[in-house]
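**Student:** return atomic coordinates for the entry below.
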Amino acid sequence: MKKYSWISYLSLGIPLVLIALWFVLPNLTQGSLTKTIFYAQIIGAPLAVILSMIALIKKNEKNMIAILGLALALILLIILAILVIFVRSYTP
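**Tutor:** Below you'll find the model as predicted:
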């Protein structure tokens, strides 16, 4: 019988928390909390992709939550890539 496990829930929960961090604390000045959130995004997005792939490969695992987690993690990775490539290289 297929069921959801903690890997599926974690693969969905990590991107949700990381996306929520952008909206909960949007107007931060340069500080240690801003850098911590940025590094959490860089570490958390690939981790969510890896966990989603593990959940999709397992035979006795339902796939819906893992697919949602993978989609959110990929959206998060695309946004991070845009920020790193275009925003960090912009000098007025």
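**Student:** longest helix in this protein, by residue count?
**Tutor:** Longest helix in the chain, counting residues (DSSP state H): helix 32-57.
**Student:** now the element after that one, going C-ward?
**Tutor:** Beyond helix 32-57 in the direction of the C-terminus, DSSP states H and E gives the next helix or strand as helix 64-82.
**Student:** that following helix: how far from the chain's middle?
**Tutor:** A distance of 6 Å separates the centroid of the chain from that of helix 64-82, by CA atoms, centre = their mean, to the nearest Å.
**Student:** now do stretch 16-26
**Tutor:** 11 Å.
**Student:** for that stretch, buried residues please.
**Tutor:** The neighbour-count check on stretch 16-26 (16 or more other CB atoms under 10 Å) flags 18-19, 21 as buried. Placement of C-beta: from N, CA and C, glycine included.
**Student:** check pLDDT for the residues you listed and point me to the minimum.
**Tutor:** Across those, no position has a lower pLDDT than residue 21, which has 83.
**Student:** that residue and residue 14, how far apart?
**Tutor:** According to CB to CB, to the nearest Å, residue 21 stands 11 Å off from residue 14.
**Student:** now the angle from the strand or helix carrying residue 20 to helix 64-82?
**Tutor:** Element membership for residue 20, per DSSP H and E: helix 6-24. On the basis of axes from the mean of the first three to the mean of the last three CA atoms, to 10 degrees, helix 6-24 is oriented at 40 degrees to helix 64-82.
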